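Peer 1: Give me coordinates for this.
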Amino acid sequence: MAKEETNIIEVKKKEFMFRGKSLDELKALEVREFAQYLKSRQRRAALRQFNEIEKFIARSQKKISKNKQVKTHSRDLVIVPKMVGMRISIHTGKVFEPIEITGNMLGHRLGEFALTRTKVKHGSAGVGATKGSKSKSKK
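Peer 2: Below is the predicted model of the structure:
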């Protein structure tokens, strides 16, 4: 008998790329260097917030090393590669919503992922709220 060959298909997980750069290459860049790969509005914001972003990353890495939760009210910070993989709680105006930063979030702002307005869930109408419910309350 002839030797049977089995066709094994290797499935490789597609590596994350951002503007032709891998995540490891992007993490090696500083904030100002990474800003050159962003679109104009995000680039301007990242360059204006350069000091704030650097301070936030340093502060959050200290908290992560102490196993503390990173909470922030800064919804306008642009997400940079050094933040990828962090779990950050972003304030929605009422509560802190935990978010895990992924590569697809690069260039967006933190506030885009913690929605401030929720869907309204109306309950049943109270007694006297509608004309039909008035007659029920007079018993």
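
Peer 1: Number of residues surrounding residue 90?
Peer 2: Number of residues near residue 90 (other Cβ atoms under 10 Å) recorded here: 24. Where C-beta positions appear, they are placed from N, C-alpha and C, glycine not excepted.

Peer 1: For it, grab phi and psi.
Peer 2: phi -110, psi 130 (degrees, to the nearest 10).

Peer 1: May I see the buried residues of the longest helix seen in the chain?
Peer 2: In the chain, with assignment by DSSP state H, the single longest helix is helix 50-65. Using 16 or more other Cβ atoms under 10 Å as the test for burial, helix 50-65 gives 50, 53, 56, 57, 60.

Peer 1: want to try TSV for the residues you listed, with pLDDT as columns?
Peer 2: Shown next, in TSV, are those (pLDDT from 0 to 100):
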residue	pLDDT
50	92
53	94
56	95
57	94
60	93
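
Peer 1: returning to that earlier point: run through the neighbouring helices and strands of the longest helix of the chain.
Peer 2: Helix 50-65 makes packing contacts with helix 31-35, strand 70-72 when contacts are defined by 3 or more Cβ pairs under 8 Å, 6 or more residues apart in numbering; DSSP states H and E.
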